[in-house]
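Asks: the following block contains a protein sequence and its predicted model.
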Amino acid sequence: MIEKVIIISAGFLPSFIWLLFYLRKDSHPESNSMVLRIFFLGALSGVAAIFLERWLQDSWGILGFSVIALPVFLTSGLVEEVVKLMGVKIGLWKTSEPDEPIDWVLFMIISALGFAALENILVLSNQVSISSIEAIEVMLWRFLSATFLHALCSGAIGYFLVLSTCYNKKIYLWLGVLGVACLHGFYNWSIIKIEGINKFLLPLAIIVALWLFVSFGIKHLKKIKSICAIKK
């Protein structure tokens with residue numbers, strides 16, 4: 001029982017730290033109930049992603065692609081980004097809670113952190129035997145890599161979501177989703193397939209590029225005075 005509590009706590013820790021960091025970006029914080037709601041739906045979207053990815057991997061296998069083939073990971077990235085977006089869309093349906101453009105970026109990040117928390121717990125649960133120290137070490141690494149990647153990918157899509165509505169051009173959202181999904185898929189592929197120093201440099205470059213983009217996006221949206229009436 002204590003071991004399970006440790007695993008769940010360690011799995012939540014990376015998401016919780018990033019959640020506190022990004023919530024501070026909002027000068028008009030959302031209600032705690034809505035934050036928890038989107039976080040939970042983000043985790044629930046992770047369950048949907050598991051089944052969809054397994055089905056798609058089987059489909060790619062029929063076509064002759066191996067599990068480490070790039071098309072498989074690109075599809076995986078697309079699935080994960082779409083389900084996280086749907087978690088936000090469902091959670092904010094018929095609500096008036098988002099009252100400024102930056103809220104959509106933050107809600108996307110919150111959904112992603114819920115998704116990442118579930119993923120972290122599953123990673124730890126799949127270990128045959130792991131000590132408390134080892135669990136913390138694994139989560140520290142995922143705090144800087146996978147969990148951060150999920151938050152940044154969804155934050156970037158949130159930015160494109162706002163742009164698509166403010167300028168009434170849905171192409172911004174679709175291009176944003178596809179572009180981010182490709183980066184996400186390429187990240188997954190690179191950490192498994194690529195060897196040598198590039199195994200670390202390429203994922204690092206993707207994370208840094210996304211971090212710079214999301215930081216720019218948040219600053220840009222804070223300058224938008226009018227409220228974008230985004231359809232939920």
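Replies: Right, received. Where do you want to start?
Asks: okay, now the unreliable bits of this structure?
Replies: Within the chain, the set of residues satisfying pLDDT under 70 comprises 1-3, 63-68, 70, 225-232.
Asks: which helix in it has the most residues?
Replies: Secondary structure of the chain per DSSP state H: the longest helix is helix 32-62.
Asks: how many other residues sit next to residue 136?
Replies: In terms of burial, residue 136 registers 16 neighbours under the definition other CB atoms under 10 Å. Using the backbone N, CA and C atoms, a C-beta is placed for each residue, glycine as well.
Asks: that one is in contact with residue 9, isn't it?
Replies: No: between residue 136 and residue 9 there is no contact, the gap being 9.8 Å when judged by CB atoms under 8 Å.
Asks: contact partners for residue 136?
Replies: 10, 13 (CB atoms under 8 Å, 6 or more residues apart in numbering).
Asks: find the centremost residue of this protein, please.
Replies: Taking CA atoms, centre = their mean as the criterion, residue 150 is the residue nearest the geometric centre of the chain, at 2.7 Å.
Asks: how far away is that residue from residue 114?
Replies: 9 Å (CB to CB, to the nearest Å).
Asks: please enumerate the helices of this protein.
Replies: For the chain, helices defined by DSSP H occupy the ranges 2-23, 32-62, 70-91, 101-125, 132-144, 146-166, 171-193, 198-222.
Asks: list the buried residues of the longest helix of the chain.
Replies: 34-35, 37-46, 48-49, 52-53, 56-57, 60 (16 or more other CB atoms under 10 Å).
Asks: again, but for stretch 112-123
Replies: Neighbour-count burial for stretch 112-123 flags 112, 113, 114, 115, 116, 117, 118, 119, 120, 121, 123 (criterion: 16+ other CB under 10 Å).
Asks: wait, the last one sits on residue 134?
Replies: No: with contact defined as CB under 8 Å, residue 123 does not reach residue 134; the gap is 11.8 Å.
Asks: residue 202 - how many residues pack around it?
Replies: Burial of residue 202, expressed as a neighbour count using other CB under 10 Å, amounts to 16.
Asks: lovely, talk soon.
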